[in-house]
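Student: Got a predicted structure here, sequence first:
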Amino acid sequence: AIYFLSVSQASTTTSVLVNPPGPITYGTNSNFSCLNSAGLSTILYVNGTNKDSEKNINVLRAAGTYLVNCTSSDNQNYTGNSQQVSYIINKASSLIYLYVNGLRNNATISKNQEIYINGSLQTGTGEILVYKNGSLIYQGSSPSSNLTNFSTLGMYNLSAVYSETKNYSFSFETWWVNVV
């Protein structure tokens, strides 16, 4: 007697493992890895790009949403498959300080007096902007230093501004100078 035996491939499960669980905030490393229930080899894709070299490695990634995919190929005994998850890295909060004559405070000064107006980025990277009554008086790297003369009586709005970037949120600080 001749017997014919049909053997089907066993099913497997491929999982994406992320650490720490998302969402996270920029500045925190993330670690992506893959696991297949039958031990099949896997490939890690991040946003459609092969990132197998980053498996099980802590990586500092930019803020954004990442599509993380783990794919396994089948062999004669097991079926391959894939899993994809969305991983979110939020922007970090920026922080900028404005110093009026060395203090983070409003000031009252005399007409024709010069005072320092300084912007200082505490958290974030890139340029800062410093304004006097809406007019730009400094744009560049932090910290800024501006010796400014106030020759006209009145109230002056001073602001240090950090514009939103890929990894950091917008922030500002405002103080007033009263020229008497």
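Tutor: Received it, and whenever you're ready, just let me know what you need.
Student: only C-alpha atoms for contact and neighbour calcs from this point on.
Tutor: Fine.
Student: Quick one: mean pLDDT for the strand or helix carrying Ser15?
Tutor: Using DSSP states H and E, Ser15 falls within strand 14-19. Confidence over strand 14-19 (mean pLDDT, whole number) is 98.
Student: Now tell me what touches it from outside.
Tutor: Strand 14-19 has contacts (Cα atoms under 8 Å, 6 or more residues apart in numbering) with 30-37, 42, 68-72, 80-85.
Student: Buried by neighbour count: which residues of that strand qualify?
Tutor: If you call a residue buried by 16 or more other Cα atoms under 10 Å, then strand 14-19 has these buried ones: Thr14, Ser15, Val16, Leu17, Val18.
Student: Now do the fourth one against Ser73, distance only.
Tutor: When Cα to Cα, to the nearest Å is the yardstick, Leu17 and Ser73 sit 18 Å from each other.
Student: Mind listing the strands the strand holding Ser15 pairs with, and their directions?
Tutor: Sheet pairing for strand 14-19, assigned by DSSP bridges, gives strand 31-36 (antiparallel).
Student: Now find how far off-centre the strand it pairs with is within its chain.
Tutor: Offset of strand 31-36 from its chain centre (Cα atoms, centre = their mean, to the nearest Å): 23 Å.
Student: residues in contact with that strand?
Tutor: 12-20, 42-44, 54-59, 68, 70, 72.
Student: Please pick the buried ones from these.
Tutor: 12-18, 42-44, 55, 68, 70, 72.
Student: hang on, Ser72 packs against Leu40?
Tutor: Yes: judged on Cα atoms under 8 Å, Ser72 makes contact with Leu40 at a distance of 6.3 Å.
Student: And the next helix or strand past the strand ranked longest in the chain?
Tutor: If you go by DSSP state E, the chain has its longest strand at strand 113-123. Using DSSP H and E, the helix or strand that follows strand 113-123 in sequence is strand 128-132.
Student: so what strands line up beside whatever helix or strand comes next after that following strand?
Tutor: Note on strand 128-132: by DSSP H and E, the next helix or strand toward the C-terminus is strand 135-140. Next to strand 135-140 in the sheet, as set by DSSP bridges, lie strand 128-132 (antiparallel).
Student: Just give the closest residue to Val161, not the sequence neighbours.
Tutor: Nearest non-adjacent residue to Val161, counting by Cα to Cα, 6 or more residues apart in numbering: Phe172, 4.4 Å away.
Student: Are we agreed that the one you found is in a strand?
Tutor: Yes: Phe172: assigned to a strand according to DSSP: H, G, I helix; E, B strand; the rest coil.
Student: Near it, how many other residues are there?
Tutor: Applying other Cα atoms under 10 Å, we find 19 residues neighbouring Phe172.
Student: contacting residues for it?
Tutor: Leu95, Ile96, Tyr97, Ser159, Ala160, Val161, Tyr162 are the contacts of Phe172 under Cα under 8 Å, 6+ apart.
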